[in-house]
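Engineer: All I have is the shape, not the residue letters:
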């Protein structure tokens with residue numbers, strides 16, 4: 001059974017300053033919801049029942065408050081059914097999911113997941129990066145679960161950007177059976193990047209002492225998967241936005257605004273005007 005997800009939201013959001021001086025990036029509004037809601041909704045629609053947030057002291061209270069009942073607000077809106085309706089989806093998720101919070105004790109994406117190891121009950125679990133928003137007809141985490149059922153292997157989501165957007169290094173190389181075989185330079189890769197969705201087994205925690213420590217004492221999750229021969233690279237089907245930087249955040253906001261029937265026509269009109 002795969003019903004647990006670890007969501008990493010421990011970054012400081014420095015690429016989004018000055019906004020993130022006082023408000024953490026996972027609370028950035030993507031159209032009409034904070035970005036963290038989109039990740040939790042993706043997990044919920046994939047059958048996840050428990051989310052473990054890897055947080056900092058700076059953002060724990062904000063996230064905890066958002067995914068909690070608010071009796072004061074409910075009372076304030078008791079005579080406003082239209083506004084109450086706006087909260088129905090969030091309330092359903094709060095009611096049906098369990099949320100836990102853990103502080104990051106090691107740096108880097110692997111370090112963040114390792115910090116949550118004692119909270120994970122089942123052998124297999126999902127990992128989601130707070131910076132990465134993916135919009136697809138079938139939630140990406142559900143796609144990874146479905147692919148796991150076919151392969152019985154750990155999964156790493158990959159994405160093929162435009163050639164001009166590819167970095168010089170840190171790209172993914174995989175074989176004809178989609179097995180991860182390297183993280184390498186552009187010319188040696190399949191010209192794809194890893195993005196923040198993984199389906200892992202708890203055996204991933206056994207390789208900590210074998211990992212290379214990178215700058216700022218960081219341990220990287222994709223690199224830890226090189227220690228396993230059967231990690232599958234899963235090419236995503238959907239729209240990908242890195243909201244950890246300003247252009248990705250703006251694109252995501254426009255994308256979700258255009259999906260809303262009430263605002264779509266006015267948004268298109270405005271975009272054409274400018």
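Structural biologist: Arrived safely, thanks for sending. Computed from a predicted model, the values in this text were never measured in an experiment.
Engineer: got the residue ranges for the strands in the stretch 101-250 of the chain?
Structural biologist: For the stretch 101-250 of the chain, applying DSSP state E, counting those that start in this stretch gives strands covering 124-129, 132-135, 155-159, 171-174, 180-184, 193-201, 232-235, 239-242.
Engineer: and the angle for the third one with strand 180-184?
Structural biologist: What it means is strand 155-159. Interaxial angle, strand 155-159 versus strand 180-184 (axes from the mean of the first three to the mean of the last three CA atoms, to 10 degrees): 50 degrees.
Engineer: Sheet partners, orientation included, of strand 155-159?
Structural biologist: Pairing partners of strand 155-159, with direction, according to DSSP bridges: strand 193-201 (antiparallel), strand 232-235 (parallel).
Engineer: quick one: contacts of the longest one?
Structural biologist: When you say that, I think you mean strand 193-201. Applying CB atoms under 8 Å, 6 or more residues apart in numbering, the external contacts of strand 193-201 come out as 2, 8, 109, 113, 123-132, 134, 140-141, 144-145, 147-148, 154-159, 161, 166-167, 170-172, 183, 221-222, 225, 236, 240. C-betas here are computed from N, CA, C, even on glycine.
Engineer: and with 7 Å instead?
Structural biologist: 2, 123-129, 131-132, 134, 140-141, 144-145, 148, 154-159, 161, 171-172, 221-222, 236, 240 (CB atoms under 7 Å, 6 or more residues apart in numbering).
Engineer: what does stretch 147-167 give?
Structural biologist: The contact list for stretch 147-167, computed with CB under 7 Å, 6+ apart, reads 140, 144, 172, 180, 186, 191-195, 197-201, 222, 225, 228, 230-236, 240.
Engineer: Are any of the residues you listed buried, and if so which?
Structural biologist: Among the contacts of stretch 147-167, those classed as buried by 16 or more other CB atoms under 10 Å are 140, 144, 172, 180, 192-195, 197-201, 222, 225, 228, 231-234, 236, 240.
Engineer: Now list the buried members of the contacts of strand 193-201.
Structural biologist: So, by 16+ other CB under 10 Å, the buried ones in the contacts of strand 193-201 are 2, 124-129, 131-132, 134, 140-141, 144-145, 148, 154-159, 171-172, 221-222, 236, 240.
Engineer: Out of the strands paired with strand 155-159, which gets nearest to residue 18?
Structural biologist: In terms of CB to CB, the element of those nearest to residue 18 is strand 193-201, at 24.7 Å.
Engineer: from the chain's centre, how far out does the closest one sit?
Structural biologist: From the chain centre to the centre of strand 193-201 is a distance of 9 Å (CA atoms, centre = their mean, to the nearest Å).
Engineer: just stretch 20-32 next, same as before
Structural biologist: How far stretch 20-32 lies from its chain's middle: 15 Å, per CA atoms, centre = their mean.
Engineer: what ranges do the helices span in the chain?
Structural biologist: Assigned by DSSP state H, the chain shows helices spanning 35-45, 60-66, 71-76, 81-85, 88-96, 108-115, 140-151, 221-224, 246-259, 261-273.
Engineer: Okay, now the unreliable bits of the stretch 51-200 of the chain?
Structural biologist: Of all residues in the stretch 51-200 of the chain, none has pLDDT under 70.
Engineer: right, and residue 93 touches residue 39 too?
Structural biologist: No. The criterion here is CB atoms under 7 Å, and residue 93 misses it with residue 39 at 11.3 Å.
Engineer: Pick out whichever of the two has more residues nearby.
Structural biologist: residue 39 (27 against 18; other CB atoms under 10 Å).
Engineer: Run through who's touching stretch 92-103.
Structural biologist: Contacts of stretch 92-103 (CB under 7 Å, 6+ apart): 40-41, 44, 49-56, 60, 64, 67-69, 115-116, 119.
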